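1. using only what follows, build the 3D model:
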Amino acid sequence: MTYLDNKKIVNRIARTLNVSNKYGDENTYSYFLNSQDIDWVYVRDIEKNLTYLGKVEVFSETEEIKELVLSDVTVYTYPDSEELYRIEKIYLSYPREKVTIEKPNFNDYAKEQQPIKTTQRRKSKEQSDKA
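-> Numbering: from 1, shown residues only. Prediction:
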């Protein structure tokens with residue numbers, strides 16, 4: 001039974017049969033950032049007029065805040081996307097409703113501008129605590 005729950009087999013069957021859109025008990029934030037195709041992200045800080053492009057290292061969420069650590073970060077102005085600077089790592093913390101995270105479409109960029117993608121998986125803080 002634990003195997004079925006951990007692999008979300010029942011939810012997969014329900015989605016296949018179009019009787020449910022539920023993917024599991026984890027929140028959408030964790031689901032999105034744990035997706036196989038999520039490695040690099042844009043984080044939009046509209047209030048500060050900044051956009052961060054970086055590789056997701058770790059993330060966590062509480063009732064009040066969402067936290068991210070990004071590496072290989074490029075910081076841009078928002079909304080005109082002028083590059084400001086590059087840094088090795090950054091810690092970001094936002095109230096739950098104040099963060100926008102997007103998956104970049106690197107097909108729009110020349111190969112020399114594309115960051116090197118890795119397949120290393122991350123764990124949310126909640127998953128690390130459970131292990």
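
2. what's the burial count for E97?
-> Counted with other CB atoms under 10 Å, the burial measure for E97 works out to 6 neighbours. Yep, even glycine has a C-beta here, placed from its N, CA and C like the rest.

3. so it sits in a strand?
-> No: secondary structure of E97 (DSSP: H, G, I helix; E, B strand; the rest coil): helix, not part of a strand.

4. that one and T28, how far apart?
-> As judged by CB to CB, to the nearest Å, E97 and T28 stand 13 Å apart.

5. now S93
-> Counting by CB to CB, the gap from S93 to T28 is 19 Å.

6. which one of those two is surrounded by more residues?
-> It is S93, of S93 and T28, that has more neighbours when counted by other CB under 10 Å, with 12 against 8.

7. wouldn't that one be in contact with V69 here?
-> No: with the criterion set as CB atoms under 8 Å, S93 and V69 do not qualify as a contacting pair; they are 10.0 Å apart.

8. how does the chain divide into domains?
-> With automatic domain parsing serving as the domain definition, the record reports that the chain contains domains spanning 1-34, 37-105.

9. which of those has the lowest mean pLDDT?
-> For those, the weakest mean pLDDT is recorded on domain 1-34, namely a mean of 64.

10. thinking again about what came up before, pick the most buried one from the domains of the chain.
-> domain 37-105 (a mean of 15; mean count of other CB atoms under 10 Å).

11. could you pull out the helices for the chain?
-> Per DSSP state H, the chain has helices spanning 2-6, 9-16, 28-33, 125-130. These are given in chain order.
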